[in-house]
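> the following block contains a protein sequence and its predicted model.
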Amino acid sequence: MPVEVVSVQGVSFQYQGAEALRDVSFGVTPGDYVGIVGPNGSGKSTLIRCILGLARPDRGEVRLFGTPLSAFDQWQRIGYLPQGLQLFNPHFPATVAEVVGLGLLAAQRFPRRFRKGDGEAVTRALEVMGITSIRHRLIGELSGGLRQRALLARALVNEPELLVLDEPTTALDPETREGFYTTIRDLNRATGTTVILITHDSGTIGRHASRFLYLDKRVVFYGGFDDFCGSPEMSEYFGPHSQHLICQRH
């Protein structure tokens with residue numbers, strides 16, 4: 001059995017006395033594409049923060065690549081696109097290539113500086129996202145779709161083994177959103193990059209992700225879409241109509 005990329009065991013978290021997560025457990029294996037869905041306030045972003053060490057669980061354990069989170073220091077293996085990062089000031093004075101290059105610095109310890117070969121890494125990330133032609137444009141001048149591609153290139157520039165995306169399509173129109181999902185799916189299938197993606201698009205994610213985690217402070221369901229769609233328990237929980245909407249995969 002391969003070592004799990006992410007292992008979450010019994011994680012609970014409270015924020016100012018309010019329960020955000022309750023006894024959450026699941027594992028992500030290499031090459032998985034996990035879509036995390038749930039209502040507002042269900043703890044999705046809190047779960048990601050606990051996985052990445054940005055919040056400390058009250059109980060439970062997180063392991064990354066088999067290593068307890070407290071001892072993990074290989075952050076270059078993880079690419080992260082947080083919620084809201086796409087909301088750039090239009091006057092932000094940095095080009096697309098410069099923003100992508102910042103992803104290389106983020107994984108370094110101080111003193112952080114660019115190294116030989118970093119330019120090639122930036123070019124490769126731009127090529128993967130199909131945006132080499134806009135490398136010299138200012139990030140704040142881009143459309144929502146292009147800006148999100150640039151920020152994804154920033155998350156990919158270290159060629160991470162795990163890519164974590166928190167609500168990456170919030171500011172995108174439906175057509176651009178679908179293109180973004182397709183890009184992530186193709187990346188996952190072509191390179192084997194493990195993906196965890198939080199989304200409100202419960203009726204869309206089934207066309208792209210290989211596994212489905214429905215979170216409502218606790219794990220309501222975790223597994224493959226076929227198992228979810230064929231589950232009488234989930235039909236009873238969601239109602240047949242809502243289950244059918246989630247299960248539309250064409």
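Yep, it's here. Fair warning: this is a prediction, and the values are worked out from it, not measured in the lab. Numbering: from 1, shown residues only.

> centre-most residue in the chain?
Most central in the chain under C-alpha atoms, centre = their mean is Leu165, positioned 2.0 Å from the mean C-alpha point.

> pLDDT wise, what is that residue at?
Note on Leu165: pLDDT of 92.

> shouldn't it be within a helix?
No. Assigned with DSSP: H, G, I helix; E, B strand; the rest coil, Leu165 falls outside any helix and is strand.

> what about the strands in this protein?
6-15, 18-28, 33-37, 59-64, 67-68, 78-81, 162-166, 194-198, 211-215, 219-224 (DSSP state E).

> export the ones you listed to JSON lines and tack on distance to Glu98?
Yep, even glycine has a C-beta here, placed from its N, CA and C like the rest. Listed next are the strands of the chain as JSON lines, based on distance: least, C-beta to C-beta, whole Å:
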{"stretch": "strand 6-15", "distance to Glu98": "31"}
{"stretch": "strand 18-28", "distance to Glu98": "32"}
{"stretch": "strand 33-37", "distance to Glu98": "30"}
{"stretch": "strand 59-64", "distance to Glu98": "29"}
{"stretch": "strand 67-68", "distance to Glu98": "32"}
{"stretch": "strand 78-81", "distance to Glu98": "17"}
{"stretch": "strand 162-166", "distance to Glu98": "21"}
{"stretch": "strand 194-198", "distance to Glu98": "26"}
{"stretch": "strand 211-215", "distance to Glu98": "35"}
{"stretch": "strand 219-224", "distance to Glu98": "39"}
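
> about what we covered before: in this structure the residue nearest to the centre of the chain contacts Ile198, no?
Yes. Contact criterion C-beta atoms under 8 Å: Leu165 and Ile198 qualify, at 6.9 Å.

> dump the residue contacts of the residue nearest to Val195 when sequence neighbours are not counted.
Nearest-residue entry for Val195: Tyr33, 4.4 Å, with adjacent residues in sequence omitted and distances by C-beta to C-beta, 6 or more residues apart in numbering. Applying C-beta atoms under 8 Å, 6 or more residues apart in numbering, we find Tyr33 in contact with 184-185, 188, 194-195, 197, 208-211.

> lowest average confidence, helix or strand, in the protein?
In the chain, no helix or strand scores lower on mean pLDDT, DSSP states H and E than helix 240-247, which sits at a mean of 77.

> so which of the strands of the chain comes closest to Gly103?
Nearest to Gly103 among these is strand 78-81 (7.3 Å), distances taken as C-beta to C-beta.

> point out the other helices and strands that the closest one packs with.
helix 144-156, strand 162-166 (3 or more C-beta pairs under 8 Å, 6 or more residues apart in numbering; DSSP states H and E).

> how far does it sit from its chain's centre?
7 Å (C-alpha atoms, centre = their mean, to the nearest Å).

> save the contacts of Tyr33 as TSV, and put in distance to Pro82, pLDDT and neighbour count too.
Shown next, in TSV, are those (distance: C-beta to C-beta, whole Å; pLDDT from 0 to 100; neighbours: other C-beta atoms under 10 Å):
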residue	distance to Pro82	pLDDT	neighbour count
Ile184	16	88	20
Arg185	21	90	17
Asn188	19	92	20
Thr194	18	97	23
Val195	15	96	23
Leu197	12	95	26
His208	20	87	23
Ala209	19	91	25
Ser210	23	91	16
Arg211	22	93	20
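
> scan the chain for its longest helix.
helix 174-191 (DSSP state H).

> so how far is that one from its chain's centroid?
12 Å.

> so which residues make contact with the least confident helix or strand of the chain?
37, 202-203, 206, 212, 225, 228-229, 234-235, 238.

> for Thr95, state which of these is nearest.
Looking across those and measuring by C-beta to C-beta, the closest to Thr95 is Val37, at 35.0 Å.

> where's the closest one relative to Tyr214, distance?
Applying C-beta to C-beta, to the nearest Å, the value for Val37 to Tyr214 is 5 Å.
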